[in-house]
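1. here is my input; please provide its structure:
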Amino acid sequence: MKSITTLVILGILAVLVFMGCNGYNGLVKQDESVKKAWNNVQAEYQNRADLVGNLVNTVKGAANFEQKTLTDVIEARSKATSVNINAENLTPEKIAEFQAAQGQLTGALSRLLATVEAYPTLKATENFKQLQGQLEGIENNIKNSRKLFNEEVNVYNTKVRSFPMNIIGGMFGFKAKEGFKADAEKAPTVDFTK
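-> Reported below is the predicted structural model:
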């Protein structure tokens, strides 16, 4: 009788250990998916920052272009690229800092594009048109990357907060993550048909 009880207890423990290992591995896999999605978000923002340099240089060629507008864009770009968040440390404060720096660049780009409207010769150049099209595509990519990141965070948070994964996750330091919140500013409107 004791041997049967011992076997049952060992069987239950084996099942619990297997479920725990499986749950832990699932949390690790989902955590890595969140990190990958975050890296994609940063890559898209970096693409935008890289394009801004070319855009500014193209605009600089226009005679009498407002220097303050260009300076604002350059400073916002510098700040946006200096805020680098490690995927291992996605705290709400760090994401808010990243989002604020990117928002400043978005605002500066919006002002730049609005100012360009007063320069029909600049708007007509092939290089500027091409850069505008690239900027529009990158803004769409950023939006899609942020959406995918938030979806991955949602799946991860659901898993890490659900029973019994909340116990396993808590034992191994898995915590809920923060996603992107709605921006106070909207993405710059790029319209070159005017």
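2. contacts and neighbour counts: CA atoms only from here.
-> Will do.
3. find me the pLDDT at the residue lying closest to residue 41 once chain neighbours are set aside, would you?
-> Excluding its sequence neighbours, the residue lying closest to residue 41 (C-alpha to C-alpha, 6 or more residues apart in numbering) is residue 145, at 5.1 Å. In this model, residue 145 is scored at 88, pLDDT.
4. give me the three-state assignment for residue 145.
-> Going by DSSP: H, G, I helix; E, B strand; the rest coil, the secondary structure assigned to residue 145 is helix.
5. show the contacting residues for the residue nearest the centre of the chain.
-> Centroid check for the chain by C-alpha atoms, centre = their mean gives residue 41 as the closest residue, at 3.3 Å. Residues in contact with residue 41 (C-alpha atoms under 8 Å, 6 or more residues apart in numbering) are 142, 145, 146, 149.
6. show me the shaky parts of the chain.
-> 18-20, 61-66, 120-124, 182-194 (pLDDT under 70).
7. quick one: the helices in it?
-> For the chain, the helices defined by DSSP state H cover 2-60, 67-82, 92-116, 120-124, 126-161, 165-171.
8. next one: the first one to chain centre, how far?
-> Right, the one you point to is helix 2-60. 15 Å (C-alpha atoms, centre = their mean, to the nearest Å).
9. can I assume residue 85 is in contact with residue 98?
-> Yes - at 7.4 Å, residue 85 and residue 98 qualify as touching, with contact defined as C-alpha atoms under 8 Å.
10. okay, the two: which has more neighbours?
-> Taking neighbours as other C-alpha atoms under 10 Å, residue 85 and residue 98 compare with residue 98 leading, 20 against 16.
11. nearest to residue 177, of the helices of the chain?
-> Nearest of the helices of the chain to residue 177, taken as C-alpha to C-alpha: helix 126-161 at 6.3 Å.
12. how far off centre is the closest one?
-> The chain centroid and the centroid of helix 126-161 are separated by 7 Å under C-alpha atoms, centre = their mean.
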